[in-house]
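Participant: Here you go, sequence then predicted model.
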Amino acid sequence: MISCHAWWDAQRSRLRRHIVFINKQVRLLSILVRRPEVPWPAKLVGGCAIAYIFSPIQLIPTFIPVIGQMDDLLVLLLGTKVVRKFTPSALLYECELRAEQGSETQIERWERALS
């Protein structure tokens with residue numbers, strides 16, 4: 001039988017992976033939107049996805065438990081998928097590396113602040 005402490009550690013690890021993934025995707029979209037080499041349809045979709053996530057006006061308000069966060073996540077994932085389809089792969093790879101580096105440093109700062 002799994003102890004309570006081991007279960008909490010597993011949940012904390014899983015939550016950290018999800019937060020890192022979401023942070024990386026938002027950072028990737030913001031980097032791609034600012035690059036001049038990215039085609040305008042990808043910039044439009046990425047900008048709309050970021051604006052929707054941070055906008056106080058949404059289809060399903062964020063304060064509604066679970067569903068409010070799920071629509072933000074859905075917009076983020078669909079926006080990222082469309083942007084990946086329109087963006088050249090070499091540029092996408094370069095921006096993914098930058099997003100991953102920035103995301104890891106941001107998560108480390110959050111962990112230090114919460115410790």
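Facilitator: Thanks, I have it. Residues are numbered from 1 along each chain as shown.

Participant: CA only for contacts and neighbour counts going forward, please
Facilitator: Noted.

Participant: helix/strand/coil for the closest residue to residue 86 other than its chain neighbours?
Facilitator: In space, and not counting its chain neighbours, residue 86 is closest to residue 42: 5.7 Å by CA to CA, 6 or more residues apart in numbering. Classification of residue 42 using DSSP: H, G, I helix; E, B strand; the rest coil returns helix.

Participant: Contact partners for residue 14?
Facilitator: Contact analysis of residue 14 by CA atoms under 8 Å, 6 or more residues apart in numbering lists nothing.

Participant: Now do the SS call for it.
Facilitator: Criterion first, three-state DSSP; result for residue 14: helix.

Participant: Check the spacing between it and residue 21 real quick.
Facilitator: Separation of residue 14 from residue 21 (CA to CA, to the nearest Å): 11 Å.

Participant: repeat for residue 15
Facilitator: Residue 15 is 10 Å from residue 21, by CA to CA.

Participant: Buried residues of the helix or strand that residue 28 is a member of, list them for me.
Facilitator: Element membership of residue 28, judged by DSSP states H and E, is helix 4-34. Neighbour-count burial for helix 4-34 flags 22, 23, 24, 25, 26, 27, 28, 29, 30, 31, 32, 33 (criterion: 16 or more other CA atoms under 10 Å).

Participant: Alright, I will stop here.
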